[in-house]
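Novice: This is the structure alone, sequence omitted:
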């Protein structure tokens with residue numbers, strides 16, 4: 001299941017960077033430097049609006065990520081200058097991914113097999129396809145729940 005969480009985090013961060021850059025570049029541009037299961041590093045470059053305070057740019061990225069996925073709780077862990085007009089920001093991640101327990105992982109893999117997909121094919125899918133697969137998985141899970149007696 002860690003593979004699913006890591007892939008979901010990676011996709012979410014990359015999509016957040018795309019949205020962030022669309023609205024803030026060239027004043028501030030974000031680039032993914034590295035990602036692990038519990039943290040990731042973004043390098044921000046640009047002239048930045050000094051009156052706004054550079055920390056606002058780093059916190060804005062959190063809002064973009066949360067708009068894309070509510071599966072993670074993120075906060076700024078460390079900030080360091082990386083050049084005259086760039087900063088490297090390390091974000092810590094707390095997993096709130098809803099497919100996080102072992103039983104659901106087995107069910108997710110069963111769901112994929114029933115549809116003729118492998119887990120590696122799921123990981124290689126684009127973000128939109130993964131969203132659709134997860135939507136169908138959630139529906140499939142809901143339909144599998146036994147009905148309770150009244």
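Specialist: Structure's in. What do you need? Because the structure is predicted, anything quoted here is derived from the model rather than measured. Numbering: from 1, shown residues only.
Novice: tell me which strands and helices the least confident helix or strand in the chain by mean pLDDT is in contact with?
Specialist: Lowest on mean pLDDT, DSSP states H and E among the helices and strands of the chain sits helix 119-124, with a mean of 79. Contacts defined by 3 or more C-beta pairs under 8 Å, 6 or more residues apart in numbering; DSSP states H and E place helix 119-124 against helix 2-24, helix 102-114. (Each C-beta comes from the backbone N, C-alpha and C, glycine too.)
Novice: outside of the next helix or strand after that helix, which residues touch it?
Specialist: For helix 119-124, the following helix or strand on the C-terminal side (DSSP states H and E) is helix 127-144. Applying C-beta atoms under 8 Å, 6 or more residues apart in numbering, the contact partners of helix 127-144 are 7-8, 11, 14-15, 99, 104, 107-108, 111-112, 117, 122, 125.
Novice: where's the dip in pLDDT among these?
Specialist: Within the contacts of helix 127-144, residue 99 has the lowest pLDDT, namely 46.
Novice: before we move on, the earlier item: show me which of the contacts of helix 127-144 is closest to residue 90.
Specialist: Closest approach between those and residue 90, by C-beta to C-beta: residue 14, at 17.0 Å.
Novice: Grab the longest strand from the chain for me.
Specialist: Taking DSSP state E as the criterion, the chain has its longest strand at strand 72-83.
Novice: Now tell me what touches that strand from outside.
Specialist: The contact list for strand 72-83 (C-beta under 8 Å, 6+ apart) reads 9, 12, 39, 43, 45, 55, 58-59, 62, 65-66, 87-97.
Novice: please redo it, this time with the cut-off set to 6 Å
Specialist: 43, 58, 62, 65, 87-94, 96 (C-beta atoms under 6 Å, 6 or more residues apart in numbering).
Novice: Distance to residue 49 for these - can I get that in TSV?
Specialist: Listed next are those as TSV, based on distance: C-beta to C-beta, whole Å:
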residue	distance to residue 49
43	18
58	13
62	18
65	21
87	14
88	19
89	17
90	23
91	21
92	26
93	27
94	30
96	32
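Novice: Most neighbours among those, which one is it?
Specialist: When neighbours are counted by other C-beta atoms under 10 Å, residue 65 leads the contacts of strand 72-83 with 26 neighbours.
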